[in-house]
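> Turn this into a model:
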Amino acid sequence: MRIRIKNEFGVFEVGGGSHPTARLLEIAGIGLPEKEYTTVTFEGQPGQTLTNTRVQARTITMSFDFYGNERTVTKLYRILYCPVELEFFLGDVRRRIGARCSASTDIKKIIYRKWQSITIQFKCDDPFFHDLYNVRHRIAEPVNLWPNSLNDDGTWSVEIPSVATEGKKTVKVFNYGETELY
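Alright, predicted model coming up:
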């Protein structure tokens with residue numbers, strides 16, 4: 001697994017045990033987000049009735065060791081000061097989530113000016129992971145009703161008072177994520 005912490009101030013990458021600059025030790029909060037349930041009970045009715053469900057903000061906590069001097073530490077703090085985008089790479093799966101650093105430990109120096117350790121906590125207001133890049137699908141395409149009247153230069157050779165195309169809407173789009181689409 002590789003994780004990129006990035007914003008306009010730069011990119012800091014954390015990886016598995018063989019990563020050259022930062023080694024991920026522990027991560028929590030990337031499973032299912034917490035939900036809050038509102039229920040009501042009525043006298044004479046067994047159990048309770050669910051009235052509302054709300055997905056809460058996600059909290060991601062990660063601990064890692066990293067190799068770097070004061071310049072690397074300054075770069076990391078500069079990145080963490082503003083909202084970041086966390087990008088996750090695990091095999092073919094590539095996801096992103098917007099976050100802001102809500103807490104961090106002081107950097108613990110394991111080997112002075114060489115090997116450091118830190119624990120960071122991120123708060124994600126939108127608790128859902130999204131594709132790394134926005135996916136766009138064409139859901140309709142024009143169908144030329146008079147294919148023989150179109151010249152080679154793209155101009156029409158007839159004049160009519162209406163549109164000479166119709167929309168074809170037979171494309172199927174599948175949502176593999178958690179967010180509802182409209």
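> Which residues does the strand or helix carrying Thr61 contact?
Per DSSP states H and E, Thr61 falls inside strand 58-67. Applying Cβ atoms under 8 Å, 6 or more residues apart in numbering, the contact partners of strand 58-67 are 3, 14, 20-30, 33-34, 72, 76, 86, 97, 99, 102, 110, 114-124, 127. C-betas here are computed from N, CA, C, even on glycine.
> Quick one, which of these are buried?
Neighbour counting with 16 or more other Cβ atoms under 10 Å marks 3, 14, 22-24, 29-30, 33, 72, 76, 86, 97, 99, 116-124, 127 as buried within the contacts of strand 58-67.
> Now do the SS call for Tyr77.
Following DSSP: H, G, I helix; E, B strand; the rest coil, Tyr77 is assigned to helix.
> Distance-wise, check it relative to Val135.
Here the distance between Tyr77 and Val135 works out to 34 Å (Cβ to Cβ, to the nearest Å).
> Between these two, which has more neighbouring residues?
Per other Cβ atoms under 10 Å, whichever of Tyr77 and Val135 has more neighbours is Tyr77, with 14 against 11.
> In contact with the more buried one, which residues?
Counting by Cβ under 8 Å, 6+ apart, there are no residues that Tyr77 touches.
> for Glu8, same thing?
Glu8 touches Cys82, counting by Cβ under 8 Å, 6+ apart.
> How much space separates it from Leu50?
For Glu8, the distance to Leu50 (Cβ to Cβ) stands at 42 Å.
> what about the helices in the chain?
Here the chain has its helices, by DSSP state H, at 70-81.
> where in the chain is pLDDT low?
Per-residue confidence for the chain (pLDDT under 70) gives these ranges: 110, 112-113, 137, 144-152, 154-171, 173, 175-182.
> Please repeat the previous calculation with a cut-off of 80.
Regions of the chain meeting the criterion pLDDT under 80 cover residues 17-18, 69, 106-114, 134-182.
> Could you count how many residues lie near Phe64?
Each residue near Phe64 was counted by other Cβ under 10 Å, and the total is 21.
> And the longest strand along the chain, how far out from the chain middle?
Across the chain, the strand with the greatest residue count (assigned by DSSP state E) is strand 93-104. Per Cα atoms, centre = their mean, to the nearest Å, the displacement of strand 93-104 from the mean C-alpha position of its chain is 8 Å.
> Work out the sheet partners of that strand and label each with its direction, please.
In the sheet, strand 93-104 lines up against strand 84-90 (antiparallel), strand 115-124 (antiparallel), strand 130-131 (antiparallel) (DSSP bridges).
> how much does it deviate in direction from helix 70-81?
Taking axes from the mean of the first three to the mean of the last three Cα atoms, to 10 degrees, one finds strand 93-104 and helix 70-81 inclined to each other by 100 degrees.
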